[in-house]
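Engineer: From the sequence below, what's the structure:
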Amino acid sequence: MYINISNVNKQFTHKGKLFTALNNVNLTIEKGEFICLLGPSGCGKSTLLNAIAGFDHPTSGSITIDGKEVTKPSTRNVTIFQNYGLLPWRNVLKNVELALESNKALKSGERTEIARKYLDLVGLGNFADASPHQLSGGMQQRVSIARALTANPDIIFMDEPFGALDAITRMKLQDDILSIQKKEKKTIIFVTHDIDEAVYLADRVVVMTPNPGMVKKVLTINLGPGRDRTSDDFQKIRNIIFETFNMKHSYPIEYSI
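Structural biologist: Numbering: from 1, shown residues only. Coordinates of the predicted model:
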């Protein structure tokens, strides 16, 4: 196993009352897996992501990555949020280079070469000189992804990165991140509340339920690449997840236009 989450609990005090955000979470993740943490608001999925990434500490239990206990964020990992975090006074290329500037071993030309490589990978090679405000939301998120990849991370944490985008742009970015994962072989842990998004992206879907936040079910998605959202197999997995949330009368989404 690459990531091991063992008996993790997380509690907060809120308005004088003890709140359990995570309850006895156990999960293992292999290197190169695409894992989706799926659940409604308040189920602890972002809390779990932050604990794995080292931004927060569990109240009890342990989290290890490659055999080492997680005690703080690692420079070997990156996190992509819903907020793109681009600097408006820098052009696209300079925003991507930002992640490389702390590496004093790299010369300016080397930073630029690496940044251009990943801009090309996300399909924005022709927008290197553009300002962030000139880009759509989806394009700005691609810049954020390119910037993350320049660090050559071992793990990419993604906390609802496409949540603010329209449905068409979100689907395109889902395809983009799958293409990148296929090429780069990164371990990706992706938080979402969107059932279709989780089934479309993940090797395994970790279904979480609230009050207290816990892992209800872990589903292996044996659909292979090039998944068809309208296929019977896709709908079967989707319905299993709906039943896990006690939503047995949900209907398939129509994707035809």
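Engineer: hey, where'd the strands end up in this structure?
Structural biologist: Secondary structure of the chain (DSSP state E): strands located at 3-14, 17-29, 34-38, 60-65, 68-69, 77-81, 155-159, 187-192, 204-209, 214-220.
Engineer: Now tell me what touches the fifth one from outside.
Structural biologist: This means strand 68-69. With contacts defined as CB atoms under 8 Å, 6 or more residues apart in numbering, strand 68-69 is touched by 62-63. Glycine gets a C-beta too; all of them are placed from N, C-alpha and C.
Engineer: That strand pairs with which strands?
Structural biologist: Counting by DSSP bridges, the strands paired with strand 68-69 are strand 60-65 (antiparallel).
Engineer: buried sites along the strand it pairs with?
Structural biologist: In terms of neighbour count (16 or more other CB atoms under 10 Å), strand 60-65 has its buried residues at 61, 63, 65.
Engineer: what's the closest non-adjacent residue to the first one?
Structural biologist: Okay, so that is Gly61. Val8 (3.6 Å; CB to CB, 6 or more residues apart in numbering).
Engineer: returning to what we had before: rebuild the strands of the chain as CSV, extending it with mean pLDDT and distance to Gly54.
Structural biologist: Formatted as CSV, the strands of the chain follow (pLDDT from 0 to 100; distance: least, CB to CB, whole Å):
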stretch, mean pLDDT, distance to Gly54
strand 3-14, 93, 12
strand 17-29, 93, 15
strand 34-38, 97, 16
strand 60-65, 97, 8
strand 68-69, 96, 10
strand 77-81, 92, 8
strand 155-159, 96, 10
strand 187-192, 97, 12
strand 204-209, 95, 19
strand 214-220, 95, 20
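Engineer: Reformat those strands as CSV; add distance to Pro132.
Structural biologist: What follows is the strands of the chain, written out as CSV (distance: least, CB to CB, whole Å):
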stretch, distance to Pro132
strand 3-14, 33
strand 17-29, 33
strand 34-38, 28
strand 60-65, 32
strand 68-69, 36
strand 77-81, 15
strand 155-159, 20
strand 187-192, 23
strand 204-209, 33
strand 214-220, 37
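Engineer: closest one to Ile168 among the ones you listed?
Structural biologist: When those are compared by CB to CB, strand 187-192 sits nearest Ile168, at 17.0 Å.
Engineer: for that closest one, packing partners?
Structural biologist: With contacts taken as 3 or more CB pairs under 8 Å, 6 or more residues apart in numbering; DSSP states H and E, strand 187-192 sits against strand 34-38, helix 45-53, strand 155-159, helix 195-201.
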